[in-house]
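A.B. asks: The sequence and its predicted three-dimensional model are supplied below.
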Amino acid sequence: MKMRYPIAALLVATLLGGCSSWGAKPWQRGALARPDMQLDADPVQAGLDDHIYFSKEASSGGRGFGGGGCGCN
């Protein structure tokens, strides 16, 4: 029983310490904020792609999901 608490505390500390490296560091944010690093680097092309998708699928939104606007998933 006495050995359980230190092992549990060590396990919790290890798991919480592993989350400390998530996210962008302050010196990396400048590079990630550049326009060519955005998901939609060309907003005109993204708008045209959305228009074509909406016209084909007869739906709006949900470009990242599978299936179509016809309900035939």
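C.D. replies: Received, thanks. Numbering: from 1, shown residues only.

A.B. asks: quick one: low-confidence ranges for this protein?
C.D. replies: For the chain, the stretches with pLDDT under 70 are 1, 19-21, 57-73.

A.B. asks: can you rerun that using 80?
C.D. replies: Counting by pLDDT under 80, the chain shows low-confidence ranges at 1-4, 16-24, 32, 35-41, 53-73.

A.B. asks: From the centroid of it, which residue is nearest?
C.D. replies: Leu39 (10.5 Å; CA atoms, centre = their mean).

A.B. asks: Do you have the helices of the protein handy? List them.
C.D. replies: 4-18, 29-32, 43-57 (DSSP state H).

A.B. asks: most neighbours per residue, which of those helices?
C.D. replies: Among the helices of the chain, ranked by average contacts under mean count of other CB atoms under 10 Å, first place goes to helix 43-57 (a mean of 11). Placement of C-beta: from N, CA and C, glycine included.

A.B. asks: That one - contacts with which helices or strands?
C.D. replies: Using 3 or more CB pairs under 8 Å, 6 or more residues apart in numbering; DSSP states H and E, no helix or strand is in contact with helix 43-57.

A.B. asks: any idea how far it is from the chain center?
C.D. replies: Taking the mean of its C-alpha atoms, helix 43-57 sits 21 Å from the chain's own mean (CA atoms, centre = their mean, to the nearest Å).

A.B. asks: Using CSV, write out every CA atom in that helix.
C.D. replies: Provided in CSV are the C-alpha atoms of helix 43-57 (Å, rounded to 0.1, in the frame of the first residue of the first chain):
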residue,chain,number,x,y,z
PRO,A,43,-8.0,32.8,-50.7
VAL,A,44,-9.3,33.3,-54.3
GLN,A,45,-8.5,29.7,-55.2
ALA,A,46,-10.1,28.4,-52.0
GLY,A,47,-13.2,30.4,-52.8
LEU,A,48,-13.4,28.9,-56.3
ASP,A,49,-12.9,25.4,-54.9
ASP,A,50,-15.7,26.0,-52.4
HIS,A,51,-18.0,27.3,-55.2
ILE,A,52,-17.4,24.2,-57.3
TYR,A,53,-17.9,21.9,-54.3
PHE,A,54,-21.2,23.6,-53.3
SER,A,55,-22.4,23.5,-56.9
LYS,A,56,-21.6,19.8,-57.3
GLU,A,57,-22.8,18.6,-54.0
